[in-house]
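**Q** 3D, please:
(one chain, ligands or ions: 1)
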Amino acid sequence: MAAPDVNTVAADQDPAILTAMAQLFGPDGRADPYTPARVLREAGPIHMTPIGHHVLTRYEDCAAVLSTTAWSHAEEAGMMHPTVTPETAADELPTSFLWMEPPDHTRLRNLVTKGFTPRMVTRLRPRIEELTEQLVDKALEAGEFDLIEFIAYPLPLIIACELIGVPPEAYEQVHQWSQDLARGFDHDYTLPEESLKARSAASRGFMNYFRELLNERRVNPTDDLLSVLSQVEDRGDVLTEQELLATCITTFVAGHETTANLVGTGMLRLLREPGQVELLRARPELVAVTPDELLRLEPSVQITTRAATRPITVAGHDFEKGEGVVVLINSANHDDAAFTNPDRTDVTRYSDPKNPAKKHLGFSLGIHYCLGAPLALLEMEVLLEVLLRKVGAMELLSENPPFKPNVVIRGLESLQVGFKPA
Ligand code: HEM
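**A** Alright, predicted model coming up:
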């Protein structure tokens, strides 16, 4: 199938809209997707991409689509990944419950939920604190360092590996696979050939590796998620090996890349706003609500997609059954109709329980609401606590740090900073 050129200029489209689209969906606009998102939002609630997908720009419409099962995350698979078929999925991009609907979604999500109860997450706090302190100490020893390499990746990587049951000798390998798969969440037609190949290699590598680990856990179960899942299967729940492996992979990739990206882009926001860091030092109770504000500003998952399960009207457009839509989380989270001064970093935004700010869409809404949200927020909160306690001056050493080309799961390539002990 020939890939349409994503930059093809449709003759009847406003050039300003097309430029904004190119920035929003192209690899060059990664540093600031919010300005083009604003251009689109102010021009209207719905637009058509040059390859023929409708995109929603406003909070209200995005939230409405995510909240209801009138829209499915299963049937739009062909929209983002037209080169992947159900037959080739295991080799190309494993389809887990993230792309399923009830009853399969419920059945599989419930299994993983067993490994993510609030009690289990709270129990992880001491380990997250210990690891974060080690990472921050190492960074302080270096003085000047890449925050992505020293903290943003190792923190969620090690926690996710310990939780799922991946041993330390495999950390480097699963980190690479995870990055290759995260890149592969972008639209197939926007990916260079080598990224598609790397995605397939990562899928096969992950499948084979997790198959080996699961076989081992069936014989010698421990208290990790792989053991829980392998035992569930043994109790006779309907769960194919393919589903089980895809579930492990999605949970791993979804948890690792996204949290690393939040740490990177969230810290960049704070380092650019020393006043907000001072406010956190003066009012430490704000640390617990700051991760939500950082994720609102910098959603690691920038866009998602859905398909209509029945004829339905959104933003004035009549969607037919099966028609897809792109939900711009990055635009919705910066919509002035939903948030006061939406582009401003305000660590007090989520601090008043009597007058709560609107829920951001960084963890989605509805049945696919992020399973790992409490864990991700806890990791970011602990990191802020440890940084405020151990670090004095924090300096940004590069004004324009490079971003990875990823559009869907967006994050920094590196972030050079200088830290001095408190
Ligand atoms: C800052 C970090 C994170 C962000 C921004 C994030 C974001 C999201 C979003 C937006 C979705 C829904 C996608 C959609 O509706 O199309 C999602 C789903 C999911 N996330 Fe996260 N996530 C994060 C961390 C984690 C962690 C730490 C884990 C687990 C270790 C995790 C596991 C999952 C799983 C399993 C799903 C699929 C849920 C379902 O389909 O029912 N995530 N996440």
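**Q** okay, and the helix or strand of this protein with the least pLDDT?
**A** Sorting the helices and strands of the chain by mean pLDDT, DSSP states H and E puts helix 89-92 at the bottom, at a mean of 71.
**Q** For the stretch 51-200 of the chain, what lies in contact range of the ligand?
**A** Residues of the stretch 51-200 of the chain lying close to the ligand by Cβ under 6 Å from any ligand atom are 73, 97-98, 109, 112, 160. C-beta coordinates here come from the backbone N, C-alpha and C atoms, glycine included.
**Q** how about these in TSV, adding neighbour count and pLDDT?
**A** What follows is these, written out as TSV (neighbours: other Cβ atoms under 10 Å; pLDDT from 0 to 100):
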residue	neighbour count	pLDDT
His73	22	88
Phe97	25	81
Leu98	22	83
Arg109	20	87
Val112	20	80
Ala160	27	92
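**Q** re earlier: residues contacting the least confident helix or strand of the chain, please?
**A** Helix 89-92 has contacts (Cβ atoms under 8 Å, 6 or more residues apart in numbering) with 81, 83-84, 95, 199-200, 203-204, 207, 242, 246.
**Q** try 6 Å
**A** 84, 95, 200, 203-204 (Cβ atoms under 6 Å, 6 or more residues apart in numbering).
**Q** ditto for stretch 359-376
**A** Contacts for stretch 359-376 (Cβ under 6 Å, 6+ apart): 62-63, 66-67, 73, 116, 121, 255, 259, 295-296, 299, 329, 332-333.
**Q** List the buried residues in that stretch.
**A** 360-365, 367-368, 370-376 (16 or more other Cβ atoms under 10 Å).
**Q** nearest to the ligand, of the contacts of stretch 359-376?
**A** Gly255 (2.6 Å; Cβ to the nearest ligand atom).
**Q** these two touch, right, the closest one and Ala160?
**A** Yes: using Cβ atoms under 6 Å, Gly255 is in contact with Ala160, at 4.7 Å.
**Q** Looking at the protein, which residue is nearest the ligand?
**A** Gly372 (2.0 Å).
**Q** which residue ranges form the strands in the stretch 101-250 of the chain?
**A** 144-146 (DSSP state E, counting those that start in this stretch).
**Q** Over to the stretch 251-400 of the chain?
**A** 303-308, 312-314, 317-319, 324-328, 391-396.
**Q** will you turn those strands into a markdown table that also has distance to Lys420?
**A** Formatted as a markdown table, the strands of the stretch 251-400 of the chain follow (distance: least, Cβ to Cβ, whole Å):
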| stretch | distance to Lys420 |
| --- | --- |
| strand 303-308 | 38 |
| strand 312-314 | 51 |
| strand 317-319 | 54 |
| strand 324-328 | 39 |
| strand 391-396 | 4 |
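**Q** could you dump the ones you listed to TSV with distance to the ligand, mean pLDDT and mean neighbour count?
**A** TSV is the format used below for the strands of the stretch 251-400 of the chain (distance: least, Cβ to the nearest ligand atom, whole Å; pLDDT from 0 to 100; neighbours: other Cβ atoms under 10 Å):
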stretch	distance to the ligand	mean pLDDT	mean neighbour count
strand 303-308	3	95	23
strand 312-314	16	97	16
strand 317-319	17	95	15
strand 324-328	8	96	24
strand 391-396	21	96	14
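**Q** Could you pick out the longest helix of the protein?
**A** helix 241-271 (DSSP state H).
**Q** Buried ones in that helix, by neighbour count?
**A** Applying 16+ other Cβ under 10 Å to helix 241-271 flags 243-271 as buried.
**Q** model confidence over that helix, on average?
**A** For helix 241-271, mean pLDDT rounds to 91.
**Q** What distance do you get for Glu257 to Thr345?
**A** Using Cβ to Cβ, to the nearest Å, Glu257 is found at 23 Å from Thr345.
**Q** now swap in Leu384 and tell me
**A** Leu384 is 13 Å from Thr345, by Cβ to Cβ.
**Q** more neighbours, the two?
**A** Just comparing Leu384 and Thr345: by other Cβ atoms under 10 Å the higher neighbour count belongs to Leu384, 25 against 19.
**Q** for Val232, what are its contacts?
**A** Val232 touches Leu111, counting by Cβ under 6 Å, 6+ apart.
**Q** rewinding a little: any residue of the longest helix of the chain touching the ligand?
**A** Yes: using Cβ under 6 Å from any ligand atom, helix 241-271 reaches the ligand at 250-251, 254-255, 258-259, 262.
**Q** host element of Lys420?
**A** strand 416-421 (DSSP states H and E).
**Q** Partner strands of that strand and their direction?
**A** Sheet partners assigned to strand 416-421 using DSSP bridges are listed as strand 144-146 (antiparallel), strand 391-396 (antiparallel).
**Q** Out of the buried residues of stretch 359-376, list just those in helices.
**A** Short answer: these in helices (DSSP H) are 373-376.
**Q** give me the number of residues near Pro103?
**A** 8.
**Q** For it, grab phi and psi.
**A** phi -90, psi -20 (degrees, to the nearest 10).
**Q** so how far is Phe25 from it?
**A** On the measure of Cβ to Cβ, Pro103 and Phe25 end up 34 Å apart.
**Q** what's the answer for Ser72, then?
**A** From Ser72 to Phe25 the distance is 22 Å (Cβ to Cβ).
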